[in-house]
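Model the following, please.
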Amino acid sequence: MSVLKLPNSPQTHPWVQTYQWLTNPLEYMETCAKRYGDIFTLRIGPVFTPQVFISNPQAIQQIFTTDPKQLDSGEQAGIRSPLLGQQSLIALEGKPHQRQRKLLTPPFHGERMLAYGQLTLDITEQVISQWQVGESFSVLPSMQEISLQVILKAVFGLADGPRSDKLKEVLLEILNPQQPFVTAMMLIFPSLQRDLGSWSPWGKFLRLREQVDELIYSEIRDRKEQPDPSRTDILSLMMAARDQEGQPMTDVELRDELITLLAAGHETTATSLAWALYWIHHMPEVRVKLLQELNRLGKNPDDPNAIVRSPYLSAVCSETLRLYPVVMLALNRLVKSPLEIMGYQLNPGTLVIPCIYLTHHREDLYPQSKQFKPERFLERQFTSCEYLPFGGGNRRCIGMAFALFEMKVILATVLSRWQMELADSKPVQPVRKGFLLSPADGVQMVVTGRREQNQRLLETTVM
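Residues are numbered from 1 along each chain as shown. Reported below is the predicted structural model:
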């Protein structure tokens with residue numbers, strides 16, 4: 001029989017819950033899970049409506065398969081962003097959401113996606129060729145540079161030049177703020193969004209957004225004035241797409257989706273790559289196994305198809321995204337009509353949140369969950385509600401296949417070119433960076449030499 005009350009909740013004031021969630025989310029969620037189990041309620045600002053966190057795979061499966069008319073995400077569920085815009089796939093719901101998803105999915109799959117492999121490899125080569133042997137450096141900025149260039153060239157189709165340089169400069173400033181906590185607070189609490197001139201945090205954000213919009217709309221206008229059917233970048237494919245009524249996407253829809261792809265695909269991929277490089281070099285046995293596999297591809301693996309099919313590399317990427325999923329939570333769902341989950345009757349207006357981080361640390365699914373063990377993903381297959389780094393249901397990230405493809409190509413290229421080691425033996429801790437989980441200090445590394453020069457040494461260590 002269902003219980004007509006919300007799942008258990010901390011008895012602290014909502015403002016205290018908000019503070020704990022903003023400053024130390026992992027410890028706070030783990031404390032709640034230990035105390036209350038697979039389902040608990042938090043009241044986090046600015047809305048303070050009941051937010052039900054769930055880490056039970058069967059309940060998550062129910063959430064992902066419930067009719068969107070009864071349980072859906074989008075702007076009503078608090079998914080709004082002053083950067084992404086109202087026509088973003090993340091903010092839309094119902095039929096508009098279905099339409100956009102159908103238009104946006106094809107460019108990210110199959111042969112279309114594989115065509116970007118050589119581009120990704122070339123960009124990686126160009127960025128890492130600037131590394132200096134013997135110098136300690138943070139690997140995250142290099143990964144950000146690679147992922148941003150991949151997006152500007154594969155998604156936007158921008159050639160090197162003034163517009164590309166300017167867009168890169170402004171995007172880096174807006175996506176990597178100098179004061180991430182202040183920026184996160186402004187995005188979470190609309191009352192802080194006050195334009196007090198270009199010197200104020202919100203004023204600065206608005207002026208940067210204007211510059212981004214001007215550059216993107218100029219690119220769309222130029223494409224319309226000089227159409228080129230031979231182009232294969234994602235913007236061109238989006239512009240050519242037509243819905244069931246034969247209608248193209250509007251300029252505003254194109255702009256909002258491009259910004260969404262940028263925001264969702266730049267920092268997330270870069271952060272995942274930094275984590276992967278940390279774990280690979282933190283655990284010598286993982287590194288040796290991975291290099292053995294890459295060796296079998298040849299001295300310089302440059303076939304993206306072969307790279308993507310490498311099983312141990314795939315397992316390393318999967319385990320990286322399991323241990324510290326860049327995004328801790330799947331998108332909020334808003335209960336629209338009474339819904340029973342795990343014996344609780346949830347009323348309309350309640351927010352339901354599948355918790356990626358807690359699900360990925362269930363000991364019944366992932367024994368010794370705090371340890372990095374890629375073999376988990378070679379020994380068994382996990383369902384889409386047990387392993388969900390990209391969310392799930394009708395809200396699963398459309399760029400999932402592209403992100404995994406990009407990760408594998410970049411990691412294989414870096415590892416086959418350079419011998420590296422961690423600059424510090426201290427464990428790297430995750431820190432909140434806006435809405436993401438990022439490695440503290442961006443993972444400090446040292447390049448010790450070119451891989452070709454160390455091939456004999458590697459073979460000796462392997463034997």
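
any idea how far the residue most central in space within the chain lies from Ala91?
Centroid-nearest residue in the chain: Thr268, 3.4 Å away (criterion: Cα atoms, centre = their mean). Per Cβ to Cβ, to the nearest Å, Thr268 is found 18 Å from Ala91. (Each C-beta comes from the backbone N, C-alpha and C, glycine too.)

Kindly report the same for Ala315.
With distances taken as Cβ to Cβ, Ala315 is found 34 Å from Ala91.

What's the local residue count around the closest residue to Thr65 other than its chain neighbours?
The shortest distance from Thr65 to any non-neighbouring residue, by Cβ to Cβ, 6 or more residues apart in numbering, is to Gly393 (6.8 Å). When neighbours are counted by other Cβ atoms under 10 Å, Gly393 registers 22.

same deal with the one 3 residues further on?
Summarising burial for Arg396: neighbours were counted as other Cβ under 10 Å, giving 16.

doesn't Phe390 make contact with it?
Yes. Look at Arg396 against Phe390 with Cβ atoms under 8 Å: they come within range, at 5.6 Å.

So which elements touch the helix or strand containing Ala270?
Assessed by DSSP states H and E, Ala270 sits inside helix 267-282. The helices and strands touching helix 267-282, judged by 3 or more Cβ pairs under 8 Å, 6 or more residues apart in numbering; DSSP states H and E, are helix 139-150, helix 284-295, helix 311-323, helix 400-417, strand 418-422, strand 436-439.

Can you list the strands that the fifth one pairs with?
Strand 418-422 sits in its sheet next to strand 444-450 (antiparallel), going by DSSP bridges.

quick one: low-confidence ranges for the stretch 1-150 of the chain?
Counting by pLDDT under 70, the stretch 1-150 of the chain has low-confidence residues at 1-4, 74-83, 109-110.

Pass me the low-pLDDT residue ranges in the stretch 251-400 of the chain, would you?
For the stretch 251-400 of the chain, the stretches with pLDDT under 70 are 299-301.

One more pass at 90, please.
253-267, 295-309, 326, 331-334, 349, 392-400 (pLDDT under 90).

Leu42: what's it in contact with?
Ser9, Pro10, Gln17, Trp21, Cys32, Gln51, Phe53 (Cβ atoms under 8 Å, 6 or more residues apart in numbering).

The last one: helix or strand, and which one exactly?
Secondary structure assignment for Phe53, by DSSP H and E: strand 51-54.

what do you get for the fifth one?
Cys32 is part of helix 25-36, with elements assigned from DSSP H and E.

which residues sit against that helix?
By Cβ under 8 Å, 6+ apart, helix 25-36 touches 7-10, 20-21, 40, 42, 53, 55, 328, 355, 357-358, 361, 430, 432, 437.

ok so, going back, buried sites along the helix holding Ala270?
Within helix 267-282, the residues scored as buried using 16 or more other Cβ atoms under 10 Å are 267-282.

Kindly report the same for stretch 294-305.
Within stretch 294-305, the residues scored as buried using 16+ other Cβ under 10 Å are Leu294, Asn295, Leu297, Pro301, Asp302, Asp303, Pro304.

And the second one, how far from Leu172?
As for Asn295, its distance to Leu172 is 36 Å (criterion: Cβ to Cβ).

Check the contacts of helix 25-36 for burial and list the buried ones.
7, 9-10, 20-21, 40, 42, 53, 55, 328, 355, 357-358, 361, 430, 432, 437.

Mark which of those residues are part of helices, please.
Gln20, Trp21, Tyr357, Leu358 (DSSP state H).

Return the member of those nearest to Ala154.
Tyr357 (29.1 Å; Cβ to Cβ).

just the strands in the chain please.
Counting by DSSP state E, the chain has strands at residues 39-42, 51-54, 71-72, 136-138, 333-335, 339-341, 344-346, 351-354, 418-422, 430-433, 436-439, 444-450.

quick one: strands adjacent to the first one?
Using DSSP bridges, the strands paired with strand 39-42 in its sheet are strand 51-54 (antiparallel).
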